[in-house]
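1. could you look at this predicted model? Sequence included:
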Amino acid sequence: MSYPVRYYCPHCGAVVELEREGYLSDKSVTPYPLVGWEYAEPDEDYESADGVRLVCGEDIAGDSDGDAVNWTGERSDADDVVDPSRESPCGQELYLSFVRFVDGEEVEPEPERTHTTIAGGGPSGPRGTDGPRGPSGPSGFSR
Ligand SMILES: [Zn+2]
């Protein structure tokens, strides 16, 4: 069971929908790869990688129904978009990082640069102890 989760490009704010399995947790979307993370291409089995490398504006067809990666043509007005006035989609790379666990401990990326949060009220959901329900809609009062 997968469904689209929305993110935005940290460079220009273009909004993308990505087909995701519900039980995985996202960490961040960044304009650079996190140290220690291994990224898959969006047409690979990225659910088993640490994250996925996307190119802003580049749709990727899914193997089931619909697109695995679908740039919506919308644009986020989030504060942390680097250059909201630039052309969009911008064609630059962005990196969606999943939460990683090593020996049951969540791995934090090296804090050499700030990272952005994911768009909207996406799946901020369960991190291990809350069961497998996953993001079932707008979060807010999930605790
Ligand atoms: Zn962009």
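-> Ah, there it is.

2. from the ion, how far out is the closest residue to residue 99 other than its chain neighbours?
-> Leaving out its chain neighbours, the residue that sits closest to residue 99 by CB to CB, 6 or more residues apart in numbering is residue 25, at 4.0 Å. The C-beta positions use only the backbone N, C-alpha and C, and glycine is treated the same way. Residue 25 sits 24 Å away from the ion, going by CB to the ion, to the nearest Å.

3. flag every residue of the chain that's near the ion.
-> Neighbours of the ion within the chain, by CB under 5 Å from the ion: 9, 11-12, 14, 56, 89-90.

4. recalculate using a threshold of 6 Å.
-> Counting by CB under 6 Å from the ion, the chain comes close to the ion at 9, 11-12, 14, 56, 88-90, 92.

5. out of the residues you listed, who's the most crowded?
-> residue 9 (29 neighbours; other CB atoms under 10 Å).

6. I'd guessed that one sits against residue 93; true?
-> No: Residue 9 is beyond contact range of residue 93, at 9.6 Å (criterion: CB atoms under 8 Å).

7. mutual contacts of the two, please.
-> residue 56 (CB atoms under 8 Å, 6 or more residues apart in numbering).

8. most centrally placed residue in the protein?
-> The residue lying closest to the centre of the chain (CA atoms, centre = their mean) is residue 96, at 4.0 Å.
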